[in-house]
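A.B. asks: Based on what follows, work out the 3D shape:
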Amino acid sequence: MISHIVQVPITKATSHQGEPLHIHLIKGRLQLSTDKAVYSFDDKYDNFVDGLKAIRPEKFRNTPFLILGGGLGSVPYILERKHSITPHFTIVEIDIAIIHLFNQFTKPRLQSDIDIHAVDAERFVHNTSNKYGVIVIDLFIDDCIPDKFQTKEFLSQCRQALLPHGVILFNWMTVTKAETKAFFAYKTNVFDSVLRKTKAIKTKYNHILIGYNSQ
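C.D. replies: Down below sits the predicted model:
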């Protein structure tokens with residue numbers, strides 16, 4: 001039975017960066033990873049299990065969600081399975097290979113309405129006129145967040161796409177001392193200056209930054 005399977009390779013693909021993408025079935029959950037990082041892990045993607053729980057997502061069930069960096073779709077999967085909500089999702093994922101994997105493996109298991117845009121996240125938030133209750137930022141190439149997504153300008157554009165009482169969740173890897181130092185510098189110098197009522201949720205290997213559009 002699936003629950004007894006420890007790890008089974010399902011498929012491999014190649015990202016638009018030329019890096020291998022792996023999907024494994026691990027104890028009944030689908031995990032998407034590269035050789036250096038885990039991108040999604042169904043409802044075992046603990047970063048967002050903990051981060052979403054902290055914002056009480058049931059309050060946002062009637063507002064649209066924007067996910068920047070969709071991966072295999074852990075965020076909608078977590079919200080459906082753990083919080084019993086099915087909001088409308090807009091997923092921005094630049095990697096066509098990952099979108100194909102999402103459509104093949106996760107979308108059939110979801111009930112929510114989902115729009116997917118194969119575009120750069122910076123370009124999307126710069127051009128969108130839509131407003132969202134929750135914006136999830138999970139933008140990695142392997143274990144690194146590209147510099148352009150760490151700027152005050154990018155975060156300010158994300159805030160402009162929030163509803164008045166909306167919230168942003170930003171995933172950061174903080175395994176090494178250098179990563180942790182960069183995270184706290186970003187929180188102090190950028191995140192805390194753009195958003196209100198901010199806090200950081202520590203998970204096993206990451207921090208999730210949470211910040212609101214207003215008090």
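A.B. asks: Please count neighbours and contacts with C-alpha atoms only from this point.
C.D. replies: Fine.
A.B. asks: so A121 touches E93, yeah?
C.D. replies: Yes - applying CA atoms under 8 Å as the test, A121 and E93 come out as touching, 7.3 Å apart.
A.B. asks: contacting residues around stretch 145-161?
C.D. replies: Applying CA atoms under 8 Å, 6 or more residues apart in numbering, the contact partners of stretch 145-161 are 122, 125-126, 128-132, 135, 139-140, 168, 172, 186, 190-191, 194-195, 213.
A.B. asks: For P76, which three-state class applies?
C.D. replies: Following DSSP: H, G, I helix; E, B strand; the rest coil, we place P76 in the helix state.
A.B. asks: What ranges in this structure fall below the confidence cut-off?
C.D. replies: Confidence mapping of the chain against pLDDT under 70 gives the ranges 1-18, 215.
A.B. asks: 50 instead, please
C.D. replies: Across the chain, residues meeting the criterion (pLDDT under 50) sit at 1-6.
A.B. asks: Let me know how buried I114 is, in neighbour terms.
C.D. replies: 17 (other CA atoms under 10 Å).
A.B. asks: ok, now the one 5 residues further on?
C.D. replies: Each residue near V119 was counted by other CA under 10 Å, and the total is 15.
A.B. asks: Please settle this for me: is it part of a helix?
C.D. replies: No - V119 sits outside any helix when classified using three-state DSSP, being coil.
A.B. asks: What residues does it make contact with?
C.D. replies: Contacts of V119 by CA under 8 Å, 6+ apart are V92, E93, I94.
A.B. asks: Make JSON lines from those residues and add distance to S40 to it.
C.D. replies: Below are the contacts of V119 laid out as JSON lines (distance: CA to CA, whole Å):
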{"residue": "V92", "distance to S40": "15"}
{"residue": "E93", "distance to S40": "13"}
{"residue": "I94", "distance to S40": "16"}
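A.B. asks: Please identify, among those, the one with the most neighbours.
C.D. replies: Looking at the contacts of V119 with neighbours defined as other CA under 10 Å, the largest count falls to V92 at 25 neighbours.
A.B. asks: Quickly note the distance from the residue nearest the centre of the chain to L209.
C.D. replies: By CA atoms, centre = their mean, the chain has its centre lying nearest to D138, at 3.6 Å. Remark: distance between D138 and L209 (CA to CA, to the nearest Å) = 11 Å.
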